[in-house]
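In: output the structure for:
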Amino acid sequence: MARAIVIPGEDLQDAADSMRRVLRNINIKRSAADFNQVVGPPVRDAAENFEDRWDSGRKQLRDDCEDIIETIDTILQTFTSLDNQSGDTFGA
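Out: Here you go, the predicted structure:
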């Protein structure tokens, strides 16, 4: 007896939509703040260091979100196609 494979399509689509919202809200540009003027010399170096690391992190986060969305879309398309094909086979 064959077991049914259940793919939570709506949940996967919700996840992809959420990732798209994350991408729209990730600011990938460096801050225009003048850290010397905003926070002063005592914490300027730490703020600039954080900005440098976060700059790399934003780019990595963006790439990862795009990869996740692409993977979810592929899963949904593949299972929809397989579901349609098996429906055609059993209906014939």
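In: from here on, contacts and neighbour counts on C-alpha atoms
Out: Fine.
In: phi and psi next, for residue 8.
Out: With angles defined as degrees, to the nearest 10, residue 8 sits at phi -70, psi 80.
In: okay, now residue 16: neighbour count?
Out: Residue 16: 20 surrounding residues under other CA atoms under 10 Å.
In: contacts for the strand or helix carrying it?
Out: Secondary structure assignment for residue 16, by DSSP states H and E: helix 9-25. Defining contact as CA atoms under 8 Å, 6 or more residues apart in numbering, one finds that helix 9-25 is touched by 62, 65-66, 68-69, 72-73, 76.
In: stretch 76-86 now?
Out: Against stretch 76-86 from outside (CA under 8 Å, 6+ apart): 7, 9, 12-13.
In: excluding its backbone neighbours, what's nearest the residue nearest the centre of the chain?
Out: Geometric centre of the chain, nearest residue: residue 65, 2.0 Å, by CA atoms, centre = their mean. In this structure, residue 65 finds its nearest non-sequential neighbour in residue 19, 6.0 Å apart by CA to CA, 6 or more residues apart in numbering.
In: circling back to that earlier point, give me the mean pLDDT for the helix holding residue 16.
Out: Averaging pLDDT along helix 9-25 gives 89.
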